[in-house]
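Chemist: Task: produce atomic coordinates for the following.
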Amino acid sequence: MRLRHIEVFHAIMQAGTISGAAQLLNISQPAATKVLQHCEIQLGLKLFERIKGKLHPTPEAHKLFAEVDKLNRDLQSVRRLASNLKNHPDEAVRLASTPTLSITVVPTALAAWRKKFGNVHCTLATHHTSEIVNALLLGMLILRCHCMTPVTRISHLSP
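Modeler: Presented below is the predicted three-dimensional model:
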């Protein structure tokens, strides 16, 4: 499997659909479909059954996902480290918040936090809940602030 195959496969397993995976990866749905097809050809096995327009992971896909998920977490760590090295902080925290909280609760909390941990670089991104969930799924965040429970499949995330 090529790295791009792994990224697309992981995103499909996370999102449950090819269009959702394409959105997570910021690529077109046809591009995601083509990568999945190439991956299945290269592996010589079907990763998904296509039933009435929906994808259903095969038993092989579930087994493969366990390893791919570990690899994806490691890859995200490498990407974070590379980004941190570029910006030169010794430590970094990535925080995402909904717009309302980012102008009400978060500024006070961040000010208090910065007094205690002034040497730690912190980035704040303001997104809607669905975008925050996507960033969590991709391992791009470690903290989130929102007022509602997101409706998505994130039960297999590790802390």
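Chemist: which residues of this structure fall in strands?
Modeler: 48-51, 54-57, 92-97, 121-126, 143-145 (DSSP state E).
Chemist: Comparing the ones you listed, which comes out most buried?
Modeler: Ranked by mean neighbour count, these are led by strand 92-97 with a mean of 20 (mean count of other Cβ atoms under 10 Å). C-beta here means a position set from N, CA and C on the backbone, and glycine is covered the same way.
Chemist: per-residue confidence averaged over that one?
Modeler: Averaging pLDDT along strand 92-97 yields 78.
Chemist: going forward can the numbers begin at 274, since that is how I track them
Modeler: In the new count, where the first residue is 274, that last one comes out as strand 365-370.
Chemist: would JSON lines of the strands of the chain with distance to Glu340 be doable?
Modeler: JSON lines is the format used below for the strands of the chain (distance: least, Cβ to Cβ, whole Å):
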{"stretch": "strand 321-324", "distance to Glu340": "17"}
{"stretch": "strand 327-330", "distance to Glu340": "14"}
{"stretch": "strand 365-370", "distance to Glu340": "25"}
{"stretch": "strand 394-399", "distance to Glu340": "30"}
{"stretch": "strand 416-418", "distance to Glu340": "27"}
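Chemist: The lengthiest helix in the chain versus strand 365-370: what angle between them?
Modeler: As assigned by DSSP state H, the longest helix anywhere in the chain is helix 332-360. Helix 332-360 runs at 110 degrees relative to strand 365-370, counting by axes from the mean of the first three to the mean of the last three Cα atoms, to 10 degrees.
Chemist: Figure out how far helix 332-360 is from the centre of its chain.
Modeler: 10 Å (Cα atoms, centre = their mean, to the nearest Å).
Chemist: quick one: buried residues of it?
Modeler: Ala334, Leu337, Phe338, Val341, Asp342, Asn345, Leu348 (16 or more other Cβ atoms under 10 Å).
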